[in-house]
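Visitor: Mind folding the following:
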Amino acid sequence: MPATRHAQLGRRERQIMEAVYRMGRATVADVLESLEDAPSYSAVRAMLRILESKGHLKHEVDGPRFVYLPTVTPDRARRSALRDVVKRMFDGSAGQAAAALLESSDTQLTRDDIQKLERLIEQARRQGR
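Guide: Purely as a prediction, here's the structure:
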């Protein structure tokens, strides 16, 4: 499956995926416990199966329980979702997306954040991007 289309998931599906990413591996009960305004146990179980059929999750059998795990790393899923947002909201311009984030009044950057951004910008320059 291509880098999972996390951005195309519904609100509840995203919440469930975020819960599984946070825990690393989770049962239906684990996910249910982590959700605010959680649906029923059977609804969570059904959504986990749907996410598995879409290729976002896989499961292992642990005794009588299924334990669900993401099929891609959280970092890869974040990058895929971010690429989708940049494509849809900023006409594919990473520069416009970065500028919008930096211009936001609630963006707080540490000295380390700024140094990392400077290194990444310099690296992009050297690579002609």
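
Visitor: the strands in the chain, which residues?
Guide: In the chain, the segments counted as strands under DSSP state E are 57-62, 65-70.

Visitor: Quickly compare these and say which is most buried.
Guide: strand 65-70 (a mean of 18; mean count of other CB atoms under 10 Å). No exception for glycine: its C-beta is placed from N, CA and C like everyone else's.

Visitor: And that strand, what does it pack against?
Guide: If you count contacts as 3 or more CB pairs under 8 Å, 6 or more residues apart in numbering; DSSP states H and E, strand 65-70 packs onto helix 11-23, helix 28-34, helix 41-53, strand 57-62.

Visitor: Any chance of JSON lines for these, columns distance to R83 and mean pLDDT?
Guide: Shown next, in JSON lines, are the helices and strands packed on strand 65-70 (distance: least, CB to CB, whole Å; pLDDT from 0 to 100):
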{"stretch": "helix 11-23", "distance to R83": "16", "mean pLDDT": "92"}
{"stretch": "helix 28-34", "distance to R83": "26", "mean pLDDT": "96"}
{"stretch": "helix 41-53", "distance to R83": "20", "mean pLDDT": "96"}
{"stretch": "strand 57-62", "distance to R83": "21", "mean pLDDT": "96"}
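
Visitor: any chance of the ones you listed in CSV, plus distance to P70?
Guide: Formatted as CSV, these follow (distance: least, CB to CB, whole Å):
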stretch, distance to P70
helix 11-23, 6
helix 28-34, 12
helix 41-53, 9
strand 57-62, 6
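
Visitor: among the strands of the chain, which is nearest R79?
Guide: strand 65-70 (13.7 Å; CB to CB).
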